[in-house]
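Here is a sequence together with a model predicted from it:
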Amino acid sequence: MSRRATIKWLHWLSALMILYFFLVEPEDVRRLGAAALATHAGVGAVFALVVVAWFAMYLAKGLAGRPGPKLPGWGKRFHPLAHKAMYWGLLAMAISGGLIGLFAPYAVMAFGAFPIAPNFDVKFLHNAMQELHEIVFNALLFGIVVHTAFHAWRHFRLKDNALRIMVPKPLHKYL
């Protein structure tokens, strides 16, 4: 599989998992109990693997996309900074989520079957990581909205086909 195809898969897997995390808020997980927490932890573990793979590709080869020739000067400067911020934001979300589990007062089981964090039971750090994770997640959501708006603007206003780069080929006919 080519690098571009791999990045498309990682991009859309991340997008679907972030949508899951957006729809299933931590309050919902707490209210629904152990099964919901196990599912949240499992999806989080899969998300962390996707993010680490994607981040490793970024560290090894840099950004895959480049600013297009139709972008104005500010857009050419914004493009790499925004994408780097997304990479670091995704990594920060995965790490802060993992630290919640690490400091939890219970053993964390992904999907109720796979142990992914021991029971260190450091309540102060567990609570602090929950707060940090919420802040990082909200900042990441804001970044995702800006990222999406920027590429939609590029595609529809500048007509540089920016969306075709990241969407699967079957969806190209709708763009």
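Received the coordinates, thanks.

Kindly state the pLDDT recorded for Pro26?
As summarised for this prediction, Pro26 has a pLDDT of 69.

Pro80: which element?
Assigned by DSSP states H and E, Pro80 belongs to helix 73-102.

So which bits of that helix are buried?
Within helix 73-102, the residues that count as buried by 16 or more other CB atoms under 10 Å are 75, 79, 83, 86-87, 89-102. C-beta coordinates here come from the backbone N, C-alpha and C atoms, glycine included.

same deal with stretch 137-146?
If you call a residue buried by 16+ other CB under 10 Å, then stretch 137-146 has these buried ones: 137, 140, 143-144.

Can I get those residues in TSV including secondary structure, pLDDT and distance to Leu32?
Below are these laid out as TSV (DSSP: H, G, I helix; E, B strand; the rest coil; pLDDT from 0 to 100; distance: CB to CB, whole Å):
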residue	secondary structure	pLDDT	distance to Leu32
Phe137	helix	95	18
Leu140	helix	95	23
Gly143	helix	95	28
Ile144	helix	95	25
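
which helices and strands sit right next to the helix holding Pro80?
Based on contacts counted as 3 or more CB pairs under 8 Å, 6 or more residues apart in numbering; DSSP states H and E, the elements that helix 73-102 packs against are helix 34-61, strand 114-117, helix 123-153.
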